[in-house]
Structures are given as structure tokens and as C-alpha cells.
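Task: produce atomic coordinates for the following.
(one chain, ligands or ions: 1)
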Amino acid sequence: MKKIFLSALLLINTLLIYAQQAWEKDFTKPEATEINEPKPKIVRGSFNGAPPSDAIILFNGENMDNWVMKKDGSPSQWVLKNGVMTAKLGTGDIQSKQKFGNFQLHIEFKIPEDAPRSGDRNNSGNSGVFLQERYELQIFDSYQNETPLYANGQMGSIYKQVIPMANASSKPGEWNVFDVYYTQPQFRSNGSVETPAYVTLVHNGVLTLNHFEIQGSSKYIGIPYYEPHGKGAIRLQEHGSEVSFRNIWVREF
Ligand code: MG
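Have a look, this model is predicted:
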């Protein structure tokens with residue numbers, strides 16, 4: 001009994017000391033709102049698309065070792081030539097071996113110069129960057145193209161979920177850059193969504209998606225919805241067009 005009484009007394013005393021310290025913290029002084037730890041780690045930055053010092057290099061033009069076929073995990077069958085990898089028609093999507101959670105992604109790509117540009121719902125320059133294998137950031141020939149897909153399926157859309165705020169598309173045959181900032185969704189133990197995924201996109205230096213709330217896995221038909229998942233690969237789409245890629249790197253955060 002005496003022991004319990006002493007423990008309670010000690011606890012009350014500790015609480016009183018904390019309360020006194022909080023009371024005495026003088027918010028009229030600048031030090032009261034200055035925090036010193038943890039110090040951010042040092043990272044050499046990115047200039048002209050070069051990877052920052054801590055980036056994970058997924059493709060630098062030398063080989064496709066970091067990529068596999070989505071269908072069966074076999075080595076990438078896409079074409080590697082002159083430091084560029086290009087979708088090989090009929091082979092299917094490729095994806096990074098490594099899986100990522102929250103990340104920053106830099107990726108450069110080019111739609112073939114001779115991509116067909118006429119016809120309703122044509123497939124001109126169709127590819128895509130699937131974030132965590134399931135949320136498609138669309139690649140398409142949307143440069144001055146009067147017969148593109150629906151606007152929420154054009155270049156820089158999250159496919160069928162949002163129209164980008166600007167069309168910053170380069171001409172077919174010229175390079176584009178996507179800088180992507182992605183926050184993965186969180187799921188409760190019962191599988192429901194605790195927080196959705198968010199994406200920000202800078203396309204050729206132009207902000208085109210600003211913290212967009214992703215609505216679920218990309219679907220051609222029907223309403224998107226979430227299915228619980230963990231980390232996922234970066235998946236590149238082969239969709240009937242010989243779209244090329246170079247300089248791909250990721251930073252997880
Ligand atoms: Mg696509």
C-alpha cells in the first residue's frame with residue numbers, strides 16, 4: 001500500500017515538473033519555436049535532370065537490368081538502342097524490379113515522330129507510367145492533336161480521373177520530362193482506405209497536377225476503386241506505340 005502511495009506521489013511530482021516547464025516556456029522568445037533535431041540529411045541536388053546524389057537509378061541508357069516483363073518477371077524484351085529503351089510492340093508492359101512506397105520519380109520519354117495522328121480514339125503515342133503498378137499517369141500524343149482521346153485520357157492525366165491543368169506536350173519526336181511526386185495510399189486492417197494516394201506532376205517544367213487525390217486503380221471501363229496493397233513497381237505501358245524512355249530515377253521518401 002505504502003509502495004503504491006509513493007509511486008503515485010512520484011508520478012504526480014513528475015507531471016507537475018512537466019506542467020511547470022510547459023508553463024515557463026516563454027513563447028515571446030524566438031527560441032521557444034526553434035527546433036534543431038533531426039537535421040536533414042545532405043543530398044546533392046538535381047540539375048538539368050541529372051540524378052540527385054541519393055537517387056536510385058532505374059535506367060541510365062546502359063542496360064535494362066532493373067526492368068522485367070510485367071507478365072512473367074522475365075528480362076525486359078523492349079529494345080535498347082543508343083542509350084534509349086523503346087516499347088517493343090506485342091511484348092507487353094515492363095516494370096521496375098524494385099518496389100517503392102512514397103517517391104519522387106524523374107522520367108524522360110518520347111513519342112515516335114511518325115505516330116499516326118488521325119482517326120477517332122486513335123492510339124497515337126499511347127504508353128503510360130503506372131505508379132505502384134496500378135495508377136496510370138498517361139502518355140499520349142496530345143501535342144496539337146485535334147483527335148486525341150477524351151481530355152481526361154490525354155497526356156499527363158491520371159487516366160480517366162483528371163484532366164491535367166495544362167497541356168505541356170512536346171512534339172512527337174522530341175523529349176518530354178515527367179517529374180512525379182507521389183504519396184502512397186494507406187489502408188486499414190479491414191482493407192478500407194485510411195488515406196488515398198496523391199500525385200503532383202511537373203510536365204516539362206509546368207505544374208499540371210497539384211496534389212491530385214487518386215480515386216483508385218486506373219480502369220478503362222467503370223468507376224475506379226481501391227484495393228489494398230503495399231509497395232509497388234514503376235510500370236511502363238506497351239500499348240501499341242513505340243514510345244521511348246531515358247534517364248529514369250527515383251528517390252523514396
Ligand atoms: Mg496509356
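
tell me which parts of this structure are close to the ion?
126, 128, 237, 239 (Cβ under 5 Å from the ion). (C-beta placed from N, C-alpha, C; glycine too.)

pLDDT at the first one, what is it?
pLDDT, Asn126: 92.

Which helix or which strand is home to the residue lying closest to it once chain neighbours are set aside?
Leaving out its chain neighbours, the residue that sits closest to Asn126 by Cβ to Cβ, 6 or more residues apart in numbering is His239, at 4.0 Å. His239 is part of no helix or strand, with elements assigned from DSSP states H and E.

Quickly name whichever of the residues of the chain next to the ion is closest to the ion.
Among those, Gly128 lies closest to the ion (Cβ to the ion), at 3.4 Å.

Would you agree that closest one falls within a helix?
No: counting by DSSP: H, G, I helix; E, B strand; the rest coil, Gly128 is not found in a helix; it is strand.

how many other residues sit next to the nearest residue to it once chain neighbours are set aside?
Excluding the flanking residues, the one nearest Gly128 by Cβ to Cβ, 6+ apart is Gln237, at 3.9 Å. Number of residues near Gln237 (other Cβ atoms under 10 Å) recorded here: 23.

And Gly222, by the same measure?
Counted with other Cβ under 10 Å, residues neighbouring Gly222 total 8.

Could you identify the helix or strand that succeeds the worst-scoring helix or strand of the chain on mean pLDDT?
The helix or strand of the chain with the lowest confidence, counting by mean pLDDT, DSSP states H and E, is helix 2-24 at a mean of 70. Counting by DSSP H and E, the next helix or strand C-terminal to helix 2-24 is strand 56-59.

Look at the closest residue to Glu252 other than its chain neighbours and report its pLDDT.
Closest residue to Glu252 apart from its sequence neighbours, by Cβ to Cβ, 6+ apart: Phe103 at 5.0 Å. pLDDT, Phe103: 98.

Phe103 and Ala233 touch, don't they?
No: the pair Phe103 / Ala233 is not scored as a contact, 11.1 Å apart, by Cβ atoms under 8 Å.

These two: which has the busier surroundings?
Counted by other Cβ under 10 Å, Phe103 and Ala233 do not tie: Ala233 has more neighbours, with 22 against 19.

Extract the CA atoms of the host helix or strand of the more buried one and return them as CSV.
If you go by DSSP H and E, Ala233 is part of strand 232-236. The C-alpha coordinates for strand 232-236 follow below in CSV (Å, rounded to 0.1, in the frame of the first residue of the first chain):
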residue,chain,number,x,y,z
GLY,A,232,4.7,-1.3,-55.9
ALA,A,233,6.8,-1.2,-59.0
ILE,A,234,7.1,1.6,-61.6
ARG,A,235,5.4,0.0,-64.6
LEU,A,236,5.7,1.3,-68.2
